[in-house]
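Novice: mind folding the following:
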Amino acid sequence: MAAQSFTNRAQQAGAESLAAVRAKNKSAWLELFADDAVIQDPVGVSPLDPTGLGHRGKEAIGRFWDMAIAPGQLETTIRESYPAGDECANVATFVNRMPNGLAIETDLVVVYRVDARGKIVSLKAYWEYEKIAAQLAKLLGSAHGG
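Specialist: Okay, here's the model as predicted:
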């Protein structure tokens, strides 16, 4: 999202979160979260979250950064944003460019919920892990002549 006024603090926190990710600034990103925040990205059981319960607390959220965010360079396009109450749902496309040159594109909905201080208490990303895994397998196969 370009510089603009935000309808609510969740919409602003979401934009700040994406800016920190694009800048590869882990400490600024972690500062946006409440101490007991939960990230579910994607929502449900996946290899990124085998229990499906999410990554709870800043230590776990920091490990999520190291595993899922740090390896690539994320480009984000917010197509639509729906702020309401203490939450905001963003319809987006993310492209994660990996060091080996692969680019993984994901259409998703990201829902941010904030507390009274504007800290993120919940980040839920709705996307299909299996669809991305298939895209990655295809990219890896074509990169190796398959």
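
Novice: quick check: the gap between G141 and L48.
Specialist: 22 Å (CB to CB, to the nearest Å). For every residue, glycine as well, the C-beta is placed using N, CA and C.

Novice: please read the previous query as pertaining to T93.
Specialist: 19 Å.

Novice: which SSE is the residue lying closest to D115 once chain neighbours are set aside in?
Specialist: Excluding the flanking residues, the one nearest D115 by CB to CB, 6 or more residues apart in numbering is V121, at 5.1 Å. V121 belongs to strand 120-126 when elements are defined using DSSP states H and E.

Novice: neighbour-wise, which of G141 and L48 wins?
Specialist: L48 (15 against 10; other CB atoms under 10 Å).

Novice: so who does the more buried one touch?
Specialist: The contact partners of L48, by CB atoms under 8 Å, 6 or more residues apart in numbering, come to 41-42, 64, 67-68, 129.

Novice: just those residues: which are in helices?
Specialist: 64, 129 (DSSP state H).

Novice: of the contacts of L48, grab the buried ones for ChimeraX.
Specialist: Buried residues within those, by 16 or more other CB atoms under 10 Å, are selected in ChimeraX with:
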select :41,42,64,68,129
